[in-house]
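Participant: Fold the following.
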Amino acid sequence: MRGLWERFWFLPASARSLGAARAAIALGLLAVYLPNDIAAYGSVSPVFHEPRWLPVAPESWLRAMNALWLAALALGGVGLFTRAAFAAAFLLGGYLLALDSSFGRIRHHDMAALLALGILAASRAGDALSLDALRRGGAPPPPDAEYGWPLRAIRLVLALAFLAAGIAKLRHGGLDWIASDNLQRRLLDRGRLLAPSKGLGEELARFPLLCNAVAAATVAIELLYPLALWSRRARVVLVPASLLMLLGFAAFFGPRFTTFGVLTAAWVPFDRVLRSRAAATGEPPHEKHDARHEAHQQGGA
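Facilitator: Model prediction:
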């Protein structure tokens, strides 16, 4: 059991792979949250606020906190004062995202983003492909277990989020969530409310069996997603399928779980991309044994 645990969490990995994922996740989250006007909650009547124990700062304070949060995400993305930036993003985001879910709209996917920020704050994600590494100079560090566990932890967050969604569907709707006209009715209802998806939703709702198949595929992807943590074959199918599922949610139902899509960067084999680019440009490899370590990761944890 100990060997399995260590094999999952502590296989050596590339600092460049973690650095590339860090940049993609932080800058992706920056793009997602940049349009949010969280400061507006400071002028909303407290009668709409729940839970009451969470204080609502004045609008000017919220605006300043939001600007600092976005700046922390940007600094984390480029890798400048990386750990401090992600720590600030985690703490500020914890309050701002909680506030964003305290006025009648629960954004479950924000918690996954917040956990990812906490994981990156505790990691050495700024050791490569960062301004911090550029300031220090020298070659990138060799593969180490310190560069593997953060990405595996973010993948675990995604797996648990999808698994919980699949269990909730079956717990509250049972097999009728799949076999009944549940999805068909939801498509028609959302089509009346959301103009962008009206045509698509009503067109899909014309085919009841196809609606049942889509519902079954959705639940299957969510329940089976944790297999991607262990199986390379499952990963190749389930990770792209989850992205297609998220696109379907956005197109047909309106909610955009974009943060899950951003966190999927933790699955991208950035080592292969960087090595392919180096080979194409004739650059020498920066790290030894990357291929061997990546083969261990892709084949196991």
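Participant: and the helix ranked longest in the chain, average pLDDT?
Facilitator: Counting residues, the longest helix found in the chain (DSSP state H) is helix 149-173. Mean pLDDT, helix 149-173: 95.
Participant: Equivalent analysis for stretch 105-124, please.
Facilitator: For stretch 105-124, the mean pLDDT works out to 91.
Participant: rewinding a little: counting contacts, what elements does the longest helix of the chain pack onto?
Facilitator: The elements that helix 149-173 packs onto, with contact taken as 3 or more C-beta pairs under 8 Å, 6 or more residues apart in numbering; DSSP states H and E, are helix 2-9, helix 15-33, helix 109-121, helix 208-224, helix 258-263. C-betas here are computed from N, CA, C, even on glycine.
Participant: out of those, nearest to Asp100?
Facilitator: Nearest of those to Asp100, taken as C-beta to C-beta: helix 109-121 at 6.8 Å.
Participant: For the residue nearest to Thr258 when sequence neighbours are not counted, grab the count of nearby residues.
Facilitator: Leaving aside its chain neighbours, Thr258 sits nearest to Val32 (5.0 Å; criterion: C-beta to C-beta, 6 or more residues apart in numbering). Residues within reach of Val32, counting by other C-beta atoms under 10 Å, total 18.
Participant: tell me the pLDDT at the most centrally placed residue in the chain?
Facilitator: The centre of the chain sits closest to Leu263, judged by C-alpha atoms, centre = their mean, with a distance of 2.4 Å. Note for Leu263: predicted pLDDT of 97.
Participant: you'd agree it is up against Leu114?
Facilitator: No. The criterion here is C-beta atoms under 8 Å, and Leu263 misses it with Leu114 at 11.0 Å.
Participant: which secondary structure elements does whichever strand or helix holds Ala88 contact?
Facilitator: Secondary structure assignment for Ala88, by DSSP states H and E: helix 82-100. Applying 3+ C-beta pairs under 8 Å, 6+ apart, we find helix 82-100 packed against helix 15-33, helix 59-78, helix 109-121.
Participant: Helix or strand next in line after the longest helix of the chain, which one?
Facilitator: Beyond helix 149-173 on the C-terminal side, the first helix or strand identified by DSSP H and E is helix 176-179.
Participant: could you dump that following helix to PDB, C-alpha only?
Facilitator: Extracted in PDB, the C-alpha atoms of helix 176-179 (Å, rounded to 0.1, in the frame of the first residue of the first chain):
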ATOM      1  CA  ASP A 176     -34.600   8.400 -14.300                       C
ATOM      2  CA  TRP A 177     -32.100  11.100 -14.700                       C
ATOM      3  CA  ILE A 178     -30.900   9.100 -17.700                       C
ATOM      4  CA  ALA A 179     -33.900   7.100 -18.900                       C
END
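Participant: Mind listing what's buried along stretch 210-228?
Facilitator: 211-212, 214-215, 218-219, 221-226, 228 (16 or more other C-beta atoms under 10 Å).
Participant: residues in contact with Leu68?
Facilitator: Shown in contact with Leu68 (C-beta atoms under 8 Å, 6 or more residues apart in numbering): 88, 92.
Participant: Excluding covalently adjacent residues, which one is nearest to Val268?
Facilitator: Counting by C-beta to C-beta, 6+ apart, Val268 lies nearest to Ala21, which is 6.7 Å off, once chain neighbours are set aside.
Participant: How much space separates the one you found from Ala72?
Facilitator: Here the distance between Ala21 and Ala72 works out to 18 Å (C-beta to C-beta, to the nearest Å).
Participant: Likewise for Ala153?
Facilitator: Going from Ala153 to Ala72 by C-beta to C-beta gives 20 Å.
Participant: for Tyr225, same thing?
Facilitator: For Tyr225 relative to Ala72 (C-beta to C-beta), the value is 29 Å.
Participant: do Leu227 as well
Facilitator: The gap separating Leu227 from Ala72 is 34 Å, by C-beta to C-beta.
Participant: cool, and Ile167?
Facilitator: Relative to Ala72, Ile167 is positioned 34 Å away (C-beta to C-beta).
Participant: Tell me which of the two has more neighbours.
Facilitator: Ala72 (25 against 13).
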